[in-house]
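Colleague: Next input, structure requested:
(2 chains)
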Number of protein chains: 2
Amino acid sequence: MKISELDTPVLLADGDAVERNMERMAALAGNAGIAWRPHAKAHKSPAVAKMQIAAGACGICCAKLGEAEVMAAGGAKDILITTPVIGPSKLMRLMQVANQATVSVVVDDPSNIEEMDMCAHTAGVRPDVVIEVDVGQGRCGVQPGEPAVELAKQVMQADWLTFKGLQGYQGSIQMTASFAERSRAAADALGKLTATAGLIRAAGIPCDYLTGGGTGTSVIDAAAGGLTELQPGGYLFMDARYREIEWDDGNKTPFEQSLTVLASVISKPAANRCILDMGLKAVSSDGGPPVPLAVPGARFKFAGEEHGELIWEDGPCRLALGDKVSFIPTHCDTTVNLYDRFIVTSGDDITNVWDIAARGRLQ
Amino acid sequence: MKISELDTPVLLADGDAVERNMERMAALAGNAGIAWRPHAKAHKSPAVAKMQIAAGACGICCAKLGEAEVMAAGGAKDILITTPVIGPSKLMRLMQVANQATVSVVVDDPSNIEEMDMCAHTAGVRPDVVIEVDVGQGRCGVQPGEPAVELAKQVMQADWLTFKGLQGYQGSIQMTASFAERSRAAADALGKLTATAGLIRAAGIPCDYLTGGGTGTSVIDAAAGGLTELQPGGYLFMDARYREIEWDDGNKTPFEQSLTVLASVISKPAANRCILDMGLKAVSSDGGPPVPLAVPGARFKFAGEEHGELIWEDGPCRLALGDKVSFIPTHCDTTVNLYDRFIVTSGDDITNVWDIAARGRLQ
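Modeller: The predicted structure is shown next:
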């Protein structure tokens, strides 16, 4: 089947570019002598997770317990849940996942550790626990230093939990435009994490697992040393916004943009504009409007939930009714979450379909 | 089951308020002596569509062919597709839906009419056709007046299409803050539609079906006369933004806000703020941040795809880990599209579950 035979709007993944991105990340981590555990929140697809493992990833990250359930059912063997899992109902679900796969989960609160220990005991499973340290993002995470050491001691004393190490993720610097500034901020975040690990070791607790980092700092984190595991998600598809930030290598993005939404012209209300079948329900807007490809001079504007508009300020719209236009999402994660499957392409051919089985798994 | 027993984030519909909103719309249209055909893009649920029909709606609107397929399979008998359906692949799917239900579809282009006539002939079905007139939104639609008359003539000459009437929807005025200004704009839009219908009748073509309007202008359109059918979608759940605009009746919104997202506190990183499990994947951001309920003094901020933050500028956060907070979405349609089901509530009880079977049906 050919791309031209697909109904639209449709989510396309360039299978060759995705493969190359996986190889690049494997090389980046391999050359640094560290592991990589890609974030499944980016694709929500057990099929893609399998490919990442085949390419050398040590396991996967999940943002939500519900994602982890789908990934474990789909064959993932080693899962880190990167967001705290709170309350008995979810903790009991966590224990069921831990019966199917090696599961680690982040914590940042004493009462959560206590409750998790109790749930683990009642279920007779022993999850790994990773302490989330706030290395600068100001979101979840215990403060670096003594507060983290205290939590580590508490986990060590919990009969049914195994202390695995630390997570430090600085999400707010991943798209810092200046490479130098991003490098400084990444070094600062990393310093907080490694200093905390040092304090924990000084307290007599082994702490040789440090996981974190994102796509924007992946090159920096790999070169710096310190982390034992990278957590990149976006490298697979690469948001259009990654083009706007500075990179070290002659400013070439280290990974390819591999995800597009294909839309069709459904109305031509005026000579210099056309209406597409792609609105807010077909591509996310939280990172800004998507970037149109191969329509020079055209500006895209959302026109509601179901419609988008291309406008040419200096000349006529040359597209006909039914013509198709590709767009690169500015935020791939939230766009992927709108679809049930990736249509996988190689050139003009459809080569595969990857189910987005964990789409909408918010809980 | 009680609301407190649900995992979060979860989409809640107040079943009693939804019922009352349906009764109000039925009364509004009934008192005006016109029909109402609610827009299923708002709920994407065949179960809700059935309730609307039971409450007196004459049928439903669908924004996309894919929605219409799900609604027809779910038992809807009379469907208007409010967006042009372009190209042979989709037109052939349209004919299959027209085999299951009474289907009408909007058109605004001669080549689309020609192709639709041919597809209808090959499939041996005869869909109803509604000409979409651009009454001011500048999105889809033929220009009012002669261009619309020409299209009507073309539809009349097409052997396999039945001309049903006109659609005029002015989406861009639905949230105009001033009631007087909104009324003037609605009258202007309506004038274009009725004048065009007059020209079509003057050309000897019967034209007694005029469909359009939205929730923001529903009171105005019903009072004005002219439309024979209202197309409200948002009245069912009522975006938080509808609170911000002016209404005629002592400024009380004519319908109740009945949709909420329930989120939980998953981290308490500082005394004056907490992190929730609701981010960009759990509530839409395109209408602005959602409005928190029952947390006075707190400001909500998105903190990524999976997290949200509540911040108290003047005092401590009194919520504990695991506590739940309700939010009213600023844009219900795009929020509903993130979920697979509504959990239906009455007070604190769970009374039903409505599947959002057409979620993600973009094509």
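Colleague: pretty sure A:Gln257 is touching A:Arg243, no?
Modeller: Yes - between A:Gln257 and A:Arg243 there is a contact at 7.5 Å, judged by C-beta atoms under 8 Å. For glycine as for every other residue, the C-beta is placed from the backbone atoms N, C-alpha and C.
Colleague: The two - which one has more neighbours?
Modeller: A:Gln257 (20 against 14; other C-beta atoms under 10 Å in any protein chain shown).
Colleague: Please report the distance of the more buried one from A:Lys153.
Modeller: A:Gln257 is 45 Å from A:Lys153, where distance means C-beta to C-beta, to the nearest Å.
Colleague: Next: A:Phe255.
Modeller: Taking C-beta to C-beta, one finds A:Phe255 at 40 Å from A:Lys153.
Colleague: Three-state assignment for A:Met51, please.
Modeller: With DSSP: H, G, I helix; E, B strand; the rest coil as the basis, A:Met51 sits in helix.
Colleague: quick revisit: comparing A:Phe255 and A:Lys153, which residue is more hemmed in?
Modeller: Each of A:Phe255 and A:Lys153 has its neighbours counted (other C-beta under 10 Å); A:Phe255 has more, 25 against 15.
Colleague: okay, now A:Ala148: neighbour count?
Modeller: For A:Ala148, using other C-beta under 10 Å, the count is 27.
Colleague: Is it in contact with A:Ile200, as I believe?
Modeller: Yes - using C-beta under 8 Å, A:Ala148 is in contact with A:Ile200, at 7.0 Å.
Colleague: Mutual contacts of those two, please.
Modeller: A:Leu166 (C-beta atoms under 8 Å, 6 or more residues apart in numbering or on different chains).
Colleague: For A:Ala271, which residues are in contact?
Modeller: A:Ala271 sits next to A:316-317 when contact means C-beta under 8 Å, 6+ apart.
Colleague: Check what pLDDT it gets.
Modeller: Listed pLDDT for A:Ala271 reads 96.
Colleague: One more: A:Lys252?
Modeller: 86.
Colleague: measure it to A:Gln174 for me?
Modeller: For A:Lys252, the distance to A:Gln174 equals 18 Å [C-beta to C-beta].
Colleague: Likewise for A:Ala68?
Modeller: 23 Å.
Colleague: Between these two, point out the one with more neighbours.
Modeller: Each of A:Ala68 and A:Gln174 has its neighbours counted (other C-beta under 10 Å); A:Ala68 has more, 30 against 24.
Colleague: Was I right to think A:Leu91 contacts A:Glu115?
Modeller: Yes - counting by C-beta under 8 Å, A:Glu115 is a contact partner of A:Leu91 at 6.1 Å.
Colleague: More neighbours: which of the two?
Modeller: A:Leu91 (22 against 18).
Colleague: That one - that's part of a helix, no?
Modeller: Yes - under the criterion used here (three-state DSSP), A:Leu91 sits inside a helix.
Colleague: Which pLDDT value belongs to it?
Modeller: pLDDT, read off for A:Leu91, is 98.
Colleague: And for it, nearest residue in space, chain neighbours not counted?
Modeller: Take A:Leu91 and drop its neighbours on the chain: the residue closest to it by C-beta to C-beta, 6 or more residues apart in numbering or on different chains is A:Cys119, 4.0 Å away.
Colleague: That neighbour looks like it's in a helix, true?
Modeller: Yes - counting by three-state DSSP, A:Cys119 is found in a helix.
Colleague: What's the per-residue pLDDT of it here?
Modeller: Per-residue pLDDT puts A:Cys119 at 98.
Colleague: residues in the stretch 251-363 of chain A within reach of chain B, list them.
Modeller: A:264-269, A:275, A:277, A:280-282, A:284-286, A:302-307, A:309, A:321-322, A:331, A:333-334, A:337-340, A:359-360, A:362-363 (C-beta under 8 Å from any C-beta of the partner chain).
Colleague: Would you agree A:Ala57 is in contact with A:His39?
Modeller: No - using C-beta under 8 Å, A:Ala57 is not in contact with A:His39; the gap is 10.4 Å.
Colleague: tell me the helices in the stretch 1-150 of chain A, going along the chain?
Modeller: A:15-32, A:46-54, A:65-73, A:88-100, A:110-123, A:146-157 (DSSP state H, counting those that start in this stretch).
Colleague: by how many degrees do the fourth one and helix A:110-123 diverge?
Modeller: Just to be clear, that refers to helix A:88-100. Computed by axes from the mean of the first three to the mean of the last three C-alpha atoms, to 10 degrees, the angle separating helix A:88-100 from helix A:110-123 equals 50 degrees.
Colleague: what sits opposite A:Phe302 in the beta ladder?
Modeller: In this structure, A:Phe302 bridges to A:Gly308 when assessed by DSSP bridges.
Colleague: What count of nearby residues applies to it?
Modeller: Per other C-beta under 10 Å, the neighbour tally for A:Phe302 reads 16.
Colleague: How about the one 10 residues further on?
Modeller: Around A:Trp312 sit 19 other residues, with neighbours defined as other C-beta under 10 Å.
Colleague: ok, so what distance separates it from A:Arg318?
Modeller: Per C-beta to C-beta, A:Trp312 is found 8 Å from A:Arg318.
Colleague: Also A:Ile81?
Modeller: The spacing between A:Ile81 and A:Arg318, counted by C-beta to C-beta, is 49 Å.
Colleague: Same check on A:Ser326?
Modeller: 16 Å.
Colleague: more neighbours, those two?
Modeller: A:Ser326 (16 against 12).
Colleague: Helix or strand for that one, just tell me which one.
Modeller: Taking DSSP states H and E as the definition, A:Ser326 sits inside strand A:324-328.
Colleague: for that strand, the distance to its chain's centre please.
Modeller: On the basis of C-alpha atoms, centre = their mean, to the nearest Å, strand A:324-328 sits 22 Å off its chain's mean C-alpha point.
Colleague: Same question for stretch A:120-139.
Modeller: For stretch A:120-139, the distance to the chain centre is 19 Å (C-alpha atoms, centre = their mean).
Colleague: Name the residues of it that are buried.
Modeller: A:120, A:123, A:125-139 (16 or more other C-beta atoms under 10 Å in any protein chain shown).
Colleague: Which ones, among those, also lie beside chain B?
Modeller: Answer for the buried residues of stretch A:120-139 near chain B (C-beta under 8 Å from any C-beta): A:134, A:138-139.
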